[in-house]
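**Q** Predicted model, plus sequence, below.
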Amino acid sequence: MKTVVIGGTGLIGSKLMSYLGEHGHEAVAAAPNTGVDTLTGVGLAEVLTGAQVVVDVSNSPSFERSAVMEFFETSTRNLLAAEASAGVGHHVALSVVGTERMPDNGYFAAKIAQEQLIEKSGIPYSLVHATQFFEFARGIADEATDGNAVRIAPVRFQPMAGDDVARVVGRVAVGEPLNGRIETGGPEQFRMDEFFREALAAWHDPRHVVTDPKATYFGTVPGERTLVPGNGATLATTRYRDWLAHNLTRR
């Protein structure tokens with residue numbers, strides 16, 4: 001079974017390629033650096049020839065509201081049209097836990113638009129909603145930085161390792177289409193400000209965390225449960241302290 005991974009050379013895409021290959025599946029990475037551009041459509045018809053499954057784990061290069069909406073709407077329309085022509089039987093997309101709970105957030109609104117296009121396409125599909133990746137924790141802290149302070153809301157937070165995200169997406173990709181979605185998150189739930197207070201200390205980062213109920217998450221104030229999955233979610237096994245210790249050792 002040929003599976004095309006859109007964004008297959010990125011963080012999650014490269015991990016997904018490894019997962020599929022290790023489990024005996026034919027996987028092809030599709031990204032601008034492999035000659036496939038979903039924004040222009042260049043290379044799509046060629047790479048989708050003979051494909052049974054397409055997994056979209058691509059991401060916008062800009063999180064600016066209009067740019068991210070343009071990216072997900074244009075790339076998804078082009079991708080779905082090419083899949084229809086190629087006879088692809090399963091479209092899998094990676095999305096974010098909480099999209100429907102924070103629609104005023106520009107990135108989340110763009111992911112909602114992407115999902116709606118997929119749901120209306122007529123192509124059997126599966127949506128995987130994942131929580132924030134451990135690998136993006138520093139980026140979240142940087143975005144919340146004000147001078148030497150990192151302003152974080154005291155809301156629930158349940159991040160997960162990129163490897164675990166790839167495993168969940170991979171299992172979904174080789175299964176039957178859900179025509180719906182599943183949620184996945186890390187094994188531990190934290191208060192977000194406490195997580196980053198401990199994380200900055202572990203990073204030996206001189207910034208300090210300020211608990212701020214009005215602090216925004218990429219432009220929008222999150223609710224208590226905006227960023228965590230609901231009951232029945234698929235929980236990963238990798239704990240942040242273990243992941244961090246392993247990754248610090250590898251540096």
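**A** Now that the structure is in, tell me what you want to look at. Residues are numbered from 1 along each chain as shown.
**Q** Where do the strands of this protein begin and end?
**A** In the chain, the strands defined using DSSP state E lie at 2-6, 26-30, 53-56, 90-96, 125-130, 145-146, 149-152, 156-157, 180-185, 190-191, 208-211, 234-235.
**Q** do you know which of those lies nearest M102?
**A** strand 90-96 (9.3 Å; CB to CB). Glycine gets a C-beta too; all of them are placed from N, C-alpha and C.
**Q** Dump stretch 230-246 to PDB, restricted to CA.
**A** Taking Å, rounded to 0.1, in the frame of the first residue of the first chain, the C-alpha atoms of stretch 230-246 are listed here in PDB:
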ATOM      1  CA  GLY A 230     -11.500  14.900  26.300                       C
ATOM      2  CA  ASN A 231     -12.400  11.500  27.700                       C
ATOM      3  CA  GLY A 232     -11.600   8.600  25.500                       C
ATOM      4  CA  ALA A 233      -8.400  10.200  24.000                       C
ATOM      5  CA  THR A 234      -5.500   8.000  23.000                       C
ATOM      6  CA  LEU A 235      -2.800   8.800  25.600                       C
ATOM      7  CA  ALA A 236       0.900   8.500  24.800                       C
ATOM      8  CA  THR A 237       3.500   7.000  27.100                       C
ATOM      9  CA  THR A 238       6.500   9.300  26.900                       C
ATOM     10  CA  ARG A 239       6.800  11.700  29.900                       C
ATOM     11  CA  TYR A 240       8.300  15.100  29.500                       C
ATOM     12  CA  ARG A 241      11.100  14.600  32.000                       C
ATOM     13  CA  ASP A 242      12.100  11.400  30.300                       C
ATOM     14  CA  TRP A 243      12.000  13.000  26.900                       C
ATOM     15  CA  LEU A 244      13.900  16.000  28.000                       C
ATOM     16  CA  ALA A 245      16.600  13.900  29.800                       C
ATOM     17  CA  HIS A 246      17.100  11.800  26.600                       C
END
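**Q** What is the burial count for G10?
**A** Using other CB atoms under 10 Å, the number of residues around G10 comes to 18.
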